[in-house]
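Enquirer: Mind looking at a prediction? Sequence and model below.
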Amino acid sequence: ENLVFKNNPELQGTIPKSIGKLRILGQLGLYNNALTGTIPYGLFDATRLNYINLENNEISGRLALRVMNLKRLHRLILSNNMMTGSVSMPHLAGTQLKYLALSNNKFSGTISKAIADLSNLEYLYLDGNDFSGGLPGSTGELTNLKSINLDSNNFVGKLPKSLANLQKLEFLSMQDNNLSGEIPAEMSAMSKLETMNIAMNSLGGSLPDLSNFSKLRNLHLYENSLIGPISDTVAGLKHIEVLFLSSNQLTGTIPSAIGTLDRTLRGLYLSDNQLGGNMTQALCDLEELESLFLDENKFYGELPDCLNSMSSLRQFYVFQNELSGEVPSNLQDLKLLSGLGLEGNAFVGELSQGICDLTADPLVDLWADCGGSSPALSCSCCSVCCPGAHCD
C-alpha cells in the first residue's frame, strides 16, 4: 500500500501517468529527488491515498481540481517545487486534510473564505509563494490549527480579529507581507502560542498586551511601524527566548519588568526605535542574555556599571545613541563577548586594557569613536575607530 522513493538525486524524469492504476496505494512518498514535469491527473484516481509527499523536486504545473477525489487524504506535501497557479480551497475541502504544505513554489491568487471548510486542518504552510489579497476572516474557523506559516507572500490588509479563535495555535508566522492596521487586541488571548512572527509588514498601533503569552518563546515584530511604549506586561513572557522589536517607532524607556525574564531571555533586539532615557539596571539581571541590541535609539547617560553580571553576553551594541561618561572597565569580565559597538555616542576616557585583551581573539569586533585628530575616547585595540558621529 506504500510507495516510497526518497533522497535520491539520480531519480529523475516524470511521475508516470499509470500511477493512478495502483488502486490500493495508501501512501506515496517521492521526496528529495530530481523529478520534473507535472503531477499526472491519473494520480487522483488512486482514491485510497491518504498521504502524498513530493517535496524537494522540480515539479511544475498546477494542483489539479481532481484532488477532491482523494476523500481519505490527510497529508499533502508539495513544498520546494516549481508549481504555479491558484489553489482551490473548495476542492481541497473534499479531502480530510490535516497537514497542507505548499511552501516555496510559485502559487498565486487569493485565499478564499472556503478555507474554513478544511475543518480538520492542523498544519498550514503557504510560505514562499505569490499569494495576494487579504486574509479571510474565516481563517479563524480553523479551530484545530496548531501551526500556520504565510511568510513571504503578498498578503495585504488587516489581521482578522477572528485569529483569536485559534486557541490551539502554537506557531504563527506571517513575516514579509504587506499587512497593515493594528495587531488585534483579541490576539492577546492566544495563550498557547510559542512563536509569533509578524515582522516585515506595515503594522501600526501599539504593542498588544503581553501578559497572557506565558508560553511564548519567540516574538518577532521587527520592521513595522509600531508606536508607543514597551509596557510592564512584558513580564508575562515567562518563557520568552527572543524578543525582536527592532525597526519600529517605539518610545519611552525599557521597563524594569524586563529584568523578570532573567531565566529564559537569550536575545533582546530593540535597535532603530525612538527609545530613550537611562539604560535600566534591570538589564543586568538578564544573566542568560546572549545578544543585546540597543543601537540607533535615544538612550542617554552612562552605561550601568553592573553589565559585567551578564556573563552570557556575546553581542552588545549601543551605537548611535546619546550615551556619555567612561566605558565601565568591568566589561572585561564578559569573556564570551564577540561584538561590542560603542560608536556614535559621547564616551570619554580610555578603553581599559582588560577590554582590549578581549580583542586578542580575531573574531572579536570592537567599534568606538576613537578616530579623528583629537578623539574624546582613546582605544588602542579597536577593530574600527570612527572619526565622528557616523562611521561606515
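Expert: Sure thing, it's come through. Numbers count the residues shown, from 1 in each chain.

Enquirer: mean confidence for stretch 155-165?
Expert: Averaging pLDDT along stretch 155-165 yields 97.

Enquirer: typo on my end, it should be stretch 230-248
Expert: Stretch 230-248 comes out with an average pLDDT of 97.

Enquirer: List the buried residues of it.
Expert: Residues 230-231, 233-237, 240-248 are the ones in stretch 230-248 that count as buried (16 or more other CB atoms under 10 Å). Using the backbone N, CA and C atoms, a C-beta is placed for each residue, glycine as well.

Enquirer: Quick check: pLDDT value at residue 63.
Expert: Note on residue 63: pLDDT of 96.

Enquirer: how about it, phi and psi?
Expert: The phi and psi torsions at residue 63 (degrees, to the nearest 10) take the values phi -90, psi 110.

Enquirer: you'd agree it is up against residue 83?
Expert: Yes: the criterion here is CB atoms under 8 Å, and residue 63 meets it with residue 83 at 6.6 Å.

Enquirer: Off-centre distance for stretch 5-17?
Expert: Offset of stretch 5-17 from its chain centre (CA atoms, centre = their mean, to the nearest Å): 33 Å.

Enquirer: and it, how far apart are its ends?
Expert: 17 Å (CA to CA, to the nearest Å).

Enquirer: just for this structure, where's the confidence low?
Expert: 363, 388-390, 392 (pLDDT under 70).

Enquirer: center of it - which residue?
Expert: Closest to where the C-alpha atoms of the chain average out (CA atoms, centre = their mean) is residue 197, at 4.5 Å.

Enquirer: quick one: contacts for that one?
Expert: By CB atoms under 8 Å, 6 or more residues apart in numbering, the contact list for residue 197 reads 151, 172-175, 218-220.

Enquirer: what two of those residues have the greatest distance between them?
Expert: Using CB to CB, these span at most 15.5 Å, a distance reached by 151 and 219.

Enquirer: between these two, who's got more neighbours?
Expert: Using other CB atoms under 10 Å, the more surrounded residue of residue 151 and residue 219 is residue 219, with 24 against 21.

Enquirer: Wait, a strand at that one?
Expert: Yes: under DSSP: H, G, I helix; E, B strand; the rest coil, residue 219 falls within a strand.

Enquirer: ok, it touching residue 239?
Expert: No: using CB under 8 Å, residue 219 makes no contact with residue 239, being 10.8 Å away.

Enquirer: Run through the bridge partners of the nearest residue to residue 302 once chain neighbours are set aside.
Expert: Once flanking residues are discounted, residue 302 sits nearest to residue 325: 3.6 Å by CB to CB, 6 or more residues apart in numbering. Beta-bridge partners of residue 325, counted by DSSP bridges, are residue 347.

Enquirer: Let me know how buried residue 325 is, in neighbour terms.
Expert: Counted with other CB under 10 Å, residue 325 comes out at 14.

Enquirer: any idea where the helices of the stretch 1-150 of the chain begin and end?
Expert: With helices called from DSSP state H, counting those that start in this stretch, the stretch 1-150 of the chain shows them at 89-92.

Enquirer: Please save the CA atoms from the lengthiest helix in the chain in PDB.
Expert: Looking across the chain with DSSP state H, the single longest helix is helix 353-358. The C-alpha atoms that make up helix 353-358 are tabulated as PDB, following Å, rounded to 0.1, in the frame of the first residue of the first chain:
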ATOM      1  CA  GLN A 353      43.400  47.100  28.800                       C
ATOM      2  CA  GLY A 354      41.100  44.400  30.100                       C
ATOM      3  CA  ILE A 355      38.600  45.200  27.400                       C
ATOM      4  CA  CYS A 356      41.400  45.300  24.900                       C
ATOM      5  CA  ASP A 357      42.500  41.800  25.900                       C
ATOM      6  CA  LEU A 358      39.200  40.500  24.700                       C
END
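
Enquirer: who's in contact with it?
Expert: Taking CB under 8 Å, 6+ apart as the rule, helix 353-358 contacts 327, 329, 331-332, 334-335, 337, 340, 364, 366, 379-381.

Enquirer: 6 Å - rerun?
Expert: 329, 331-332, 337, 364, 381 (CB atoms under 6 Å, 6 or more residues apart in numbering).

Enquirer: Residue 224: which of these is nearest?
Expert: The closest of the contacts of helix 353-358 to residue 224 turns out to be residue 337 (CB to CB; 29.9 Å).

Enquirer: So what pairs up with the residue lying closest to residue 278 once chain neighbours are set aside in the strands?
Expert: Excluding its sequence neighbours, the residue lying closest to residue 278 (CB to CB, 6+ apart) is residue 301, at 4.2 Å. For residue 301, the beta-bridge partners under DSSP bridges are residue 323.

Enquirer: now residue 301: how far from residue 293?
Expert: Remark: distance between residue 301 and residue 293 (CB to CB, to the nearest Å) = 18 Å.

Enquirer: Neighbour count for these two, which is higher?
Expert: Using other CB under 10 Å, the more surrounded residue of residue 301 and residue 293 is residue 293, with 22 against 14.

Enquirer: thought the more buried one was touching residue 272?
Expert: No: at 9.0 Å, residue 293 does not count as touching residue 272 under the criterion of CB atoms under 6 Å.

Enquirer: re the thing from before, okay, and which of the contacts of helix 353-358 map to strands?
Expert: Assignment to strands by DSSP state E places none of the contacts of helix 353-358 there.

Enquirer: now for those residues, which pair is the farthest apart?
Expert: Maximum distance among these (CB to CB): 16.5 Å, for 329 and 364.

Enquirer: Nearest residue to residue 263 in space, ignoring adjacent ones along the chain?
Expert: Closest residue to residue 263 apart from its sequence neighbours, by CB to CB, 6+ apart: residue 288 at 6.5 Å.
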